[in-house]
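Chemist: output the structure for:
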Amino acid sequence: MLKELRLAYVGNVREVSKNLNRIAARTGISKQRLKEQARKCGWRSQTERRPWTAAEVEYLGEKLGTLSSTRIARDLHRSVASIQIRARKMQRSLRVSEGYNVSDLAEVFGVAHGRVESWARRGLLGRSAGHGGHGGNIRFATVNVVRFIKTHSSEYDLNRVDQSWFKGMLFGFRASDGVSA
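Modeler: Residues are numbered from 1 along each chain as shown. Next up is the predicted model:
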C-alpha cells in the first residue's frame with residue numbers, strides 16, 4: 001500500500017490528485033487520510049519549478065504597485081502564489097498604488113483627510129476610480145491631481161505641501177535628485 005501511495009506522488013498536482021482519487025475509490029480509505037500518510041512520509045507532488053528569468057524579474061519590478069498580482073501572473077504565465085513569493089523576496093509590496101488615495105493626498109498636501117474628501121465631493125480632483133466605504137480604495141488619477149494643483153492653488157498652502165513631490169508633479173522631475181521623469 002505504501003509503495004502504491006509513493007508512486008501516486010509522481011507527477012504534478014493534478015496527476016497526484018487523480019492518483020489519490022483512484023486509490024481512495026479502490027481501497028475505501030479517504031483521500032484526506034492518504035494525504036496525511038504521504039505528508040508523514042515527506043512526499044509531495046513533483047511540480048516542475050520554472051526559474052525566474054532576468055526579464056521576468058525586471059517586468060515584475062516595473063509592474064508591482066501598478067498592476068494587480070493576478071494581472072502580472074497572467075502576463076508572466078505564472079501562478080499568483082509565485083508572484084507573491086517573488087515580490088516578498090524582492091521586499092516589495094503587492095499593493096496597487098496607481099494614482100493617489102485620500103491618505104496620500106492629505107499627506108503630500110499637508111492637510112486633514114476631511115479637506116481632501118471635501119475637494120473630492122466638490123469634483124475638484126476629477127473622477128475617482130475604485131470603491132469607497134470602510135477600507136475602500138478610492139484613487140485619483142495623477143493627471144487630475146496635476147490639474148487640481150494648477151487650477152485650484154487657493155485650496156492648499158504651499159508652505160505645507162511636500163516640496164519635492166509638488167515640483168515633480170508640476171515640472172515632471174524629481175526635484176530631490178534632478179532626474180527627469
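
Chemist: name the helix or strand for the spatially most central residue of the chain, please.
Modeler: Centroid-nearest residue in the chain, with C-alpha atoms, centre = their mean: Leu94, separated by 2.7 Å. Assigned by DSSP states H and E, Leu94 belongs to neither a helix nor a strand.

Chemist: look up how far Arg22 lies from it.
Modeler: 38 Å (C-beta to C-beta, to the nearest Å). From N, CA and C alone the C-beta is placed, and that goes for glycine too.

Chemist: show me where this protein has its strands.
Modeler: 128-129, 139-140, 173-174, 179-180 (DSSP state E).

Chemist: my guess is the residue nearest to the centre of the chain contacts Gln84. True?
Modeler: Yes - taking contacts as C-beta atoms under 8 Å, Leu94 lies within contact range of Gln84: 6.4 Å.

Chemist: residues that sit against both of those two, list them.
Modeler: Common contact partners of Leu94 and Gln84 (C-beta atoms under 8 Å, 6 or more residues apart in numbering): Ser69.

Chemist: what is the least confident helix or strand in this protein?
Modeler: Least confident helix or strand, the chain: strand 179-180 with a mean of 42, by mean pLDDT, DSSP states H and E.

Chemist: the residue nearest to the centre of the chain and Asn101: what is the separation?
Modeler: 16 Å.

Chemist: wait, what's in contact with the residue found closest to Ile29 once you drop the neighbours it is linked to in the chain?
Modeler: Nearest non-adjacent residue to Ile29, counting by C-beta to C-beta, 6 or more residues apart in numbering: Ile23, 7.2 Å away. Going by C-beta under 8 Å, 6+ apart, Ile23 touches 4-5, 8, 29, 34.

Chemist: tell me the domain ranges of this protein?
Modeler: Domain assignment of the chain by automatic domain parsing yields the ranges 2-41, 54-89, 102-180.

Chemist: now Arg92: closest residue in space, sequence neighbours ignored.
Modeler: The nearest residue in space to Arg92 (C-beta to C-beta, 6+ apart) is Leu64, at 4.8 Å.

Chemist: where in this protein is pLDDT low?
Modeler: Within the chain, the stretches with pLDDT under 70 are 46-48, 96-98, 129-137, 173-181.
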